[in-house]
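Student: structure, please.
(2 chains)
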Amino acid sequence: MPYTLAPAAPEFLSKDQKPAGDRWTLNFGPQHPATHTTLRIVLELDGERVVRAIPHIGYLHSGFEKLGEHLNYNQYVTIVDRMDYSAPIYNELAWHGAVEKLMGIELTPRCKVLRTIAGELGRIQSHLLCVGAAGLDLGAFTAFLFGFNERERIYDIVEFMSGQRYHTSWTRVGGLNMDLPDEGTFKTMVKKFVDDQLPKALQEVETLLNKNRIFIERTRGVGVISAEEAASWSLTGPMARSAGIRRDIRKDEPYLCFQDNWDGQGAPAVDFKVPVMTTGDCYARYLCRLEEMKQSMHIIRQLIDKIPQGPVNVSPEGKEVLPPKDQVYSSIEGLIHHFEMIMTNRGFESPIGEVYNCIESANGELGYYIVSAGESTPWRVRTRPCIYINYAVFPKLIEGHLLSDVVAVLGSVNVIAAELDR
Amino acid sequence: MGKFIDPRRIGYIAGKSYNYDRMNDSDVIVLNEPRLSLGDQFYIPQVAIGLGTTLKHMFRVVMGNHRVVQYPEQTRDNIPVADGGMNARTYRGVHRLNKDEDGRVKCVACFMCSTACPAHCIHIEAEESPWPDREKYPRKFDIDELRCIYCGMCEEACPVDAIELTSTYDIVGLTRQEMIFDKSKLLEMYDRTQATEPM
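Tutor: Residues are numbered from 1 along each chain as shown, chains lettered A, B, ... in the order given. Presented below is the predicted three-dimensional model:
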């Protein structure tokens, strides 16, 4: 199908650009290795310079949000897993954080610690992919492999605690799908990862990329956004912080172990620092992500020795979690409760109302908005997708840059098409 | 550019006032771009350092200090869990239907698993049981393994410990029909895995 574009407005042109005439249109994607997923961008080019970029989304549309109206509060966690699949655990924490806010559930300290550790592992998982892929798209293949090697170890840890390597479906309303099978092994794995394996790999990635002149010249000054623009485009996460906006949900609106007194006995919030830069280009985003991984390791090191004992789920008295299996097998009350939780005409008793809850995911503010009509399934679910909103600024970032910079900017924005389309 | 933004200014730009910046200076670590020395700018030393990193990895592989599982010949079963092996007790793979002591299917056809299934991949037809100790049993019990997302909610929902997920993940079929596991296939899966994964 022929594709035509209206001529670009004069204010989009740089000084040395010809105003009209020999423009040509290039279709970038939907199947392009650097788009990582099915993502299409129509580029209007003047020679090799991008005059205008029009992203076309919808190639991976799967009706995730609509499915939320048909699955109950527990079942929907299997769907949110598949949105930002660079770190599935984040979506679960955001979704069940919203459900627990709706139902007014206070988690047990053990669950909070485990969720925080898993969340930070997810942040590392996502940043390793993004940092590696940013290098990969510019031709630095080795750093990508070092990053992926460490992602494999995160899969191992996640598999051990949840039962599956990738789409974990790990959280449940008021708790987790299971307690740790063996706490000692879990601690050994995580400690080995954050104390030994990951620091070495990060060191190697830094050695390869941080002072690599080719990498720097491809990324520094490319895709620049100022703090004012970042705020008015409502960017979040590393994209905003690298532009100089001091915004991190973990500090601003703390949740889980990031708030003071999370265990009810006066435990202080975990200590970490938010990396901020002022340049706002692709190189700044890369450096911010590297530092965030180090801060995540710092958070995990604080928490891993402090996993409290006790139940991981809230008490089944509140009729929000399934009762333990031994109660189901041995007592009639447990059996009735178990059936009531699953039967379609019973299920959760949610209050009527609306709730919005957000967490700081690897790419920014990831939130869920639930409208509840008092049933066991939500009446409407809406995602506040961080990548979708970060990606909206992409045409602005790429204007006036070369065609080969498209992949550099795409890699630094970390576009995951499944979350764009939902 | 060049300095941190004043939150009041953001409020002005956005057209309404809100307090955006709630952080203290102690919460923030300001990063600077690494300074390139003259040697770095020449690029040649960086090439050497990069190649050195790659060579270090090559020697590590030659010395056997790496973790590669040669998959079809080797599996993760024999590796300790702490080194990245598989924990067969918790892994969520293909389902099985458990049998009781008399070799009968344990399932009582209560439809809990098919109700809890988010992918709607379990199809059960119940029938009056020929045994005196229960009322119903499944005449047909089909799981579409292609539709299944292996979330484990059927296992959580089962009130009699009849359906479980095993550590088997390598199932193949030439047709879609083959991948719809019926009751006999699921019971056979129990016979195959019960030695390594007791109920």
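
Student: okay, CA-based contacts and neighbour counts for the rest of this
Tutor: Fine.

Student: do you know how far the residue nearest the centre of chain B is from B:E155?
Tutor: Taking C-alpha atoms, centre = their mean, the centroid of chain B lies closest to B:R92, which sits 7.2 Å from it. Distance of B:R92 to B:E155, given as C-alpha to C-alpha, to the nearest Å: 10 Å.

Student: what's the overlap in contacts for the two?
Tutor: Listed as contacting both B:R92 and B:E155 by C-alpha atoms under 8 Å, 6 or more residues apart in numbering or on different chains are B:L165.

Student: B:T193 contacts B:E164, doesn't it?
Tutor: No: if you go by C-alpha atoms under 8 Å, B:T193 and B:E164 don't touch, sitting 10.8 Å apart.

Student: which residues does the residue lying farthest from the centre of chain B contact?
Tutor: Distance from the centre of chain B peaks at B:L38, with 48.0 Å (C-alpha atoms, centre = their mean). Applying C-alpha under 8 Å, 6+ apart to B:L38 gives no contacts.

Student: pLDDT below threshold where in the stretch 1-150 of chain A?
Tutor: In the predicted model of the stretch 1-150 of chain A, residues A:1-21 satisfy pLDDT under 70.

Student: chain B contacts on that one?
Tutor: Within reach of chain B by C-alpha under 8 Å from any C-alpha of the partner chain, the stretch 1-150 of chain A has these residues: A:71, A:75-76, A:78, A:142.

Student: tell me which of the residues you listed fall in helices.
Tutor: Within the residues of the stretch 1-150 of chain A next to chain B, residues falling in helices by DSSP state H are A:78, A:142.

Student: mind putting the residues of the stretch 1-150 of chain A next to chain B into TSV with neighbour count and distance to B:P80?
Tutor: Converted to TSV, those look like this (neighbours: other C-alpha atoms under 10 Å in any protein chain shown; distance: C-alpha to C-alpha, whole Å):
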residue	neighbour count	distance to B:P80
A:L71	20	37
A:Q75	21	32
A:Y76	24	33
A:T78	24	29
A:T142	19	28
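
Student: quick check, nearest of the residues of the stretch 1-150 of chain A next to chain B to chain B?
Tutor: Nearest to chain B, judged by C-alpha to the nearest C-alpha, of these is A:Q75 at 5.4 Å.

Student: so what's the residue count around B:E156?
Tutor: Applying other C-alpha atoms under 10 Å in any protein chain shown, we find 20 residues neighbouring B:E156.

Student: surely it forms part of a strand?
Tutor: No: counting by DSSP: H, G, I helix; E, B strand; the rest coil, B:E156 is not part of a strand but helix.

Student: stretch A:395-410 and chain B in contact?
Tutor: No: taking C-alpha under 8 Å from any C-alpha as the criterion, stretch A:395-410 and chain B are apart, separated by no less than 15.5 Å.

Student: hey, C-alpha coordinates of that stretch in CSV?
Tutor: What follows is stretch A:395-410, C-alpha atoms only, in CSV (Å, rounded to 0.1, in the frame of the first residue of the first chain):
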residue,chain,number,x,y,z
PRO,A,395,9.2,11.4,17.4
LYS,A,396,10.5,14.4,19.1
LEU,A,397,13.7,12.8,20.3
ILE,A,398,14.6,11.6,16.8
GLU,A,399,13.9,14.7,14.8
GLY,A,400,16.9,16.1,13.0
HIS,A,401,19.1,13.1,13.8
LEU,A,402,20.4,10.5,11.3
LEU,A,403,18.6,7.4,10.3
SER,A,404,21.2,5.3,12.1
ASP,A,405,20.3,7.1,15.4
VAL,A,406,16.8,5.7,15.3
VAL,A,407,18.0,2.4,16.8
ALA,A,408,20.1,4.2,19.4
VAL,A,409,17.1,6.2,20.6
LEU,A,410,14.8,3.1,20.5
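
Student: that stretch: which residues count as buried?
Tutor: For stretch A:395-410, burial by neighbour count (16 or more other C-alpha atoms under 10 Å in any protein chain shown) applies to A:395-403, A:405-410.

Student: which residues touch that stretch?
Tutor: Outside stretch A:395-410, the residues that touch it by C-alpha under 8 Å, 6+ apart are A:12-14, A:34-35, A:45, A:48-55, A:134, A:137-138, A:218-219, A:222-225, A:282, A:394.

Student: up against chain B, what does the stretch 301-422 of chain A have?
Tutor: Residues of the stretch 301-422 of chain A lying near chain B (C-alpha under 8 Å from any C-alpha): A:325, A:328-329, A:335, A:338-339, A:342-344.

Student: turn these into a markdown table, columns for pLDDT, secondary structure and neighbour count.
Tutor: Converted to a markdown table, these look like this (pLDDT from 0 to 100; DSSP: H, G, I helix; E, B strand; the rest coil; neighbours: other C-alpha atoms under 10 Å in any protein chain shown):
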| residue | pLDDT | secondary structure | neighbour count |
| --- | --- | --- | --- |
| A:K325 | 83 | helix | 17 |
| A:V328 | 84 | helix | 20 |
| A:Y329 | 84 | helix | 13 |
| A:L335 | 86 | helix | 20 |
| A:H338 | 86 | helix | 26 |
| A:F339 | 87 | helix | 19 |
| A:I342 | 85 | helix | 21 |
| A:M343 | 83 | coil | 15 |
| A:T344 | 81 | coil | 16 |
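
Student: and the two most separated of these?
Tutor: For those, the maximum inter-member distance is 21.3 Å, found between A:Y329 and A:T344 (C-alpha to C-alpha).

Student: helices along the stretch 51-200 of chain A, start to end?
Tutor: For the stretch 51-200 of chain A, helices defined by DSSP state H, counting those that start in this stretch occupy the ranges A:64-67, A:77-80, A:88-103, A:109-137, A:141-162, A:183-192, A:198-209.

Student: do the same with the stretch 251-400 of chain A
Tutor: Ranges of helices within the stretch 251-400 of chain A are A:282-304, A:325-330, A:332-342, A:386-391, A:394-398, based on DSSP H, counting those that start in this stretch.

Student: ok, which of those helices comes nearest B:D100?
Tutor: Between B:D100 and those, the tightest spacing by C-alpha to C-alpha is seen for helix A:325-330, at 14.8 Å.

Student: what lies in contact with the closest one?
Tutor: Identification of contacts with helix A:325-330 by C-alpha under 8 Å, 6+ apart yields A:333-335, A:338, B:159-160.

Student: and of the residues of the stretch 301-422 of chain A next to chain B, the nearest to A:L93?
Tutor: Distance ranking of these against A:L93, using C-alpha to C-alpha, places A:I342 first at 21.8 Å.
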